[in-house]
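Trainee: Just need the structure, nothing else, for what follows:
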Amino acid sequence: MYRVLRAPFQPVTYSRWLHLCVPLLLLAIWMFIMPEWPWGPLLLILPFGLVPWVRLAEGMQAQFLLTPHARDSSDSAISLAPSAHWGDRWRTVLWLEARMIVAVGAVGASVWLPTIAVELIAIAVGHPVGDELLPFLPDRWLAALLVPVPLVLLIVVVSLLGELITAIATRLLSPSAAERLSVLEARTEQLLERTRIARELHDSIGHALTVAVVQAGAARAAGDPVFTERALCAIEETGRAALEDLERVLGVLRESGPPPSQWPTLAEADRLLESARASGSAVDARLTGELEKLPGPVTREGYRILQESLTNVLRHCGPVPVRVRVEMTAALLEMEVTNPLPERPGVTLGGGSGLRGIRERAALLGGEAETGPYEGGWRVRARLPLERIR
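Mentor: Below is the predicted model of the structure:
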């Protein structure tokens, strides 16, 4: 009852009413040409339902007029795509037939009930026009009291038929399984892209800020103008590199970023190692193999894994000695970063999102990464396959 009382004040009631009245144009033209075949339009619209783009047009109209509240939602129950399979085409045919039948009832009520109200008004003012639609001729006072009844019935009928046609639309024009899978894949791609951008920002900007903090703290503690000058140069270089990385990530967000070939690669690993050395860490690095010939995804993800490993050391342990091993073979890229843990309580390296990002990067390439305590220190070890990437 509450829904019926609320219906006259709902814009969707009138938009659904309009949707129900649209087929009236075809029906009116047909009745003017061939009135002896009133069901002819049901046969006429049959072949149109087999046209793929008719489903798109009907879906747009139904979503705009029947479910305007879900028009901008990605989870709309009405599809906005042409028919991709015969199943979608036959469902479109059923939809056109059901829409025409329900529209006939809506148009009949829209004509019949207002006409009864007009006749009641004419009787109430003393000028009856006949009793073609009324089963009896009421007195004038009774006719005046009955005038609102047909109008209320009209709102009720239109509201119920609107609910009915909306339910039919969500059933027959709903996305198919293939369309739902396509939407799910697109949404998954968006989530993966957001996760990748978050990792890029975390690794590049986090590394630069960590190096800057360590360098500034060391320069203040040393009190040596020469060391301070060297620390400021390292901060400047690291900040400039971080700005370049930030521009790349923002370019991806603007969909106008550089191609993947311009992202940092393991061939530029010396920049990371020198940054760590400038922060006070003694870096024992050995890089073997033709790293410049690594496949693009491997060399880019390998650079980020090495960057996050060194950042993790500087952030949690400070300028401690670091051992870096990068070895490229015909089928595998192995990376290992180890460092001792400082002798102070509360130091832990395994609780942040950076190490989880390392494992995720390795897993996306079909490899594996291990992070954890190792021989009294800490080790990050990654193994990235090359054959399947090539």
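Trainee: which stretches of the stretch 101-250 of the chain have low pLDDT?
Mentor: Confidence mapping of the stretch 101-250 of the chain against pLDDT under 70 gives the ranges 128-133, 177-179, 181-193, 195-197, 199-200, 202-204, 207, 244-250.
Trainee: quick one: the residue of the chain positioned farthest from its centre from residue 144, how far?
Mentor: For the chain, the largest distance from the centre (CA atoms, centre = their mean) belongs to residue 126, which lies 64.2 Å off. Remark: distance between residue 126 and residue 144 (CB to CB, to the nearest Å) = 11 Å. Where you see a C-beta, it was placed from the backbone N, CA and C, and this is true even at glycine.
Trainee: thinking again about what came up before, can you name the residues that contact the residue farthest from the centre of the chain?
Mentor: Residue 126 makes contacts with residue 140, as judged by CB atoms under 8 Å, 6 or more residues apart in numbering.
Trainee: Following the chain onward from whichever strand or helix holds residue 240, which element is next?
Mentor: Per DSSP states H and E: residue 240 is located in helix 225-253. Next in sequence after helix 225-253, counting helices and strands by DSSP H and E, comes helix 269-278.
Trainee: mind listing what's buried in that next one?
Mentor: 269, 272, 273, 275, 276, 278 (16 or more other CB atoms under 10 Å).
Trainee: Show me where this protein has its strands.
Mentor: Remark: strands assigned in the chain by DSSP state E are 283-288, 322-328, 332-340, 368-374, 377-385.
Trainee: Which one, of these, ends up nearest to residue 113?
Mentor: Closest of these to residue 113 is strand 368-374, at 72.0 Å (criterion: CB to CB).
Trainee: Report the strands that pair with that closest one, each with its relative direction.
Mentor: With DSSP bridges as the test, strand 368-374 is paired with strand 377-385 (antiparallel).
Trainee: can you give me the offset of the partner strand from its chain's centre?
Mentor: Mean-position distance between strand 377-385 and its chain equals 33 Å (CA atoms, centre = their mean, to the nearest Å).
Trainee: Ok, stretch 12-31 next?
Mentor: 35 Å.
Trainee: How about the contacts made by residue 220?
Mentor: Here residue 220 is in contact with no residue (CB under 8 Å, 6+ apart).
Trainee: Roughly how far does residue 161 sit from residue 291?
Mentor: Taken as CB to CB, the span from residue 161 to residue 291 is 70 Å.
Trainee: brain fart, residue 172
Mentor: 58 Å.
Trainee: Break down the stretch 1-150 of the chain into its helices, ranges please.
Mentor: 2-6, 11-21, 24-33, 40-44, 52-65, 86-124, 140-146, 148-172 (DSSP state H, counting those that start in this stretch).
Trainee: Counting by contacts, list what the third one packs against.
Mentor: Read that as helix 24-33. Helices and strands touching helix 24-33, by 3 or more CB pairs under 8 Å, 6 or more residues apart in numbering; DSSP states H and E, are helix 40-44, helix 86-124.
Trainee: let's see 7 Å
Mentor: Using 3 or more CB pairs under 7 Å, 6 or more residues apart in numbering; DSSP states H and E, the elements in contact with helix 24-33 are helix 40-44.
Trainee: What helices and strands are in contact with the helix it packs on?
Mentor: helix 24-33, helix 86-124.
Trainee: OK, contacts around the residue nearest to residue 335 when sequence neighbours are not counted?
Mentor: Of all residues not flanking residue 335 in the chain, residue 382 sits nearest, at 4.6 Å (CB to CB, 6 or more residues apart in numbering). Residue 382 makes contact with 305, 335, 358, 362, 367, 369, according to CB atoms under 7 Å, 6 or more residues apart in numbering.
Trainee: Run through the bridge partners of residue 382.
Mentor: Under the criterion used (DSSP bridges), residue 382 bridges to residue 335, residue 369.
Trainee: Which segments of this protein make up each domain?
Mentor: Domain assignment for the chain by automatic domain parsing gives 2-175, 181-385.
Trainee: ok, back up a step: could you pull up phi and psi at the residue farthest from the centre of the chain?
Mentor: Per-residue torsions, residue 126: phi 90, psi 20 (degrees, to the nearest 10).
Trainee: would TSV of the contacts of residue 382 with pLDDT be doable?
Mentor: Below are the contacts of residue 382 laid out as TSV (pLDDT from 0 to 100):
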residue	pLDDT
305	89
335	94
358	85
362	86
367	88
369	91
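Trainee: I'd like these laid out as a markdown table, including distance to residue 209 and neighbour count.
Mentor: Formatted as a markdown table, these follow (distance: CB to CB, whole Å; neighbours: other CB atoms under 10 Å):
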| residue | distance to residue 209 | neighbour count |
| --- | --- | --- |
| 305 | 19 | 27 |
| 335 | 23 | 25 |
| 358 | 18 | 28 |
| 362 | 24 | 22 |
| 367 | 28 | 24 |
| 369 | 23 | 22 |
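Trainee: Widest-spaced pair of these?
Mentor: Across the contacts of residue 382 (CB to CB), the longest gap, 10.7 Å, separates 358 and 367.
Trainee: State the distance from the closest residue to residue 117 other than its chain neighbours to residue 121.
Mentor: Of all residues not flanking residue 117 in the chain, residue 150 sits nearest, at 4.3 Å (CB to CB, 6+ apart). According to CB to CB, residue 150 and residue 121 sit 10 Å apart.
Trainee: Could you do residue 46 as well?
Mentor: Taken as CB to CB, the span from residue 46 to residue 121 is 42 Å.
Trainee: between the two, who's got more neighbours?
Mentor: Taking other CB atoms under 10 Å, residue 46 and residue 121 do not tie; residue 121 has more neighbours (15 against 12).
Trainee: for the more buried one, what are its contacts?
Mentor: residue 147.
Trainee: Look up how far residue 157 lies from it.
Mentor: 20 Å.
Trainee: quick one: contacts for residue 147?
Mentor: Residue 147 touches 117, 120, 121, 124, counting by CB under 7 Å, 6+ apart.
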